[in-house]
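# Here is the input, now give the coordinates:
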Amino acid sequence: METRHALLAKQHEMTRELEIQHLNEHHAMKKRHLETQHEAESASQCEYTQRQQEELRKKHAMQSRQQPRELKVQEAQIRKQYRQVVKTQTRQFKLYLSQMMQVVPKDEQKELTSRLKQDQMQKVALLASQYESQIKKMVQDKTVKLESWQEDEQRVLSEKLEKELEELIAYQKKQKAILEEQIKK
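This is a model prediction of the structure:
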């Protein structure tokens with residue numbers, strides 16, 4: 001009976017050791033699987049980050065290439081507006097000149113005409129310089145706006161991607177801690 005009891009105790013001990021070994025292997029396998037999963041998630045996050053940054057670089061390059069076209073269109077609109085203003089001023093000048101010719105005596109008309117034409121030329125030259133400065137200012141503002149907007153967009157994307165990476169790392173640490181806690185139990 002004692003041998004039977006000793007054999008049962010030995011079998012029980014061997015079964016317990018086998019269960020512990022099996023459990024340790026199971027936990028090691030779980031740990032390896034979790035590490036593999038975390039590596040894959042981290043690699044995917046890195047690929048995603050690189051893809052997002054590359055897409056933003058392409059978008060910014062396209063915007064920079066398109067900007068001169070947009071600026072030329074806006075410049076053409078400003079020049080068209082200038083020509084319309086000059087036409088309007090010329091019509092008004094001619095109308096004013098004809099009115100003045102009817103009122104002013106004949107001997108003063110030549111002097112008045114030359115003086116009014118000189119004034120008209122100065123007004124048109126002033127108007128031209130104002131429109132040119134408006135065009136230069138618009139080009140400068142659009143260029144600065146595009147660059148600062150692109151920098152802001154790059155910064156926002158970088159912050160977003162960094163936050164996502166931090167969240168992934170925190171989640172992975174939490175999963176690892178839970179697994180280790182289960183293994184200890």
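# what about Leu23, distance to Ile178?
Distance from Leu23 to Ile178, counting by Cβ to Cβ, to the nearest Å: 17 Å. Bear in mind the C-beta positions are built from the backbone N, C-alpha and C, glycine included.
# Check Glu70 too.
Taking Cβ to Cβ, one finds Glu70 at 54 Å from Ile178.
# in what helix or strand does the most centrally placed residue in the chain lie?
Centroid-nearest residue in the chain: Glu153, 2.8 Å away (criterion: Cα atoms, centre = their mean). Here Glu153, judged by DSSP states H and E, is contained in helix 106-184.
# residues contacting Lys31?
Contacts were defined as Cβ atoms under 8 Å, 6 or more residues apart in numbering; by that measure Lys31 touches 179, 183.
# Local confidence estimate at it?
As predicted, Lys31 sits at a pLDDT of 90.
# Check the spacing between His12 and Glu2 real quick.
For His12 relative to Glu2 (Cβ to Cβ), the value is 15 Å.
# the more surrounded of the two?
His12 (10 against 6; other Cβ atoms under 10 Å).
# From the chain's centroid, how far away is the helix or strand where the more buried one lies?
Using DSSP H and E, His12 falls within helix 2-103. Relative to its parent chain, helix 2-103 has a centroid offset of 9 Å by Cα atoms, centre = their mean, to the nearest Å.
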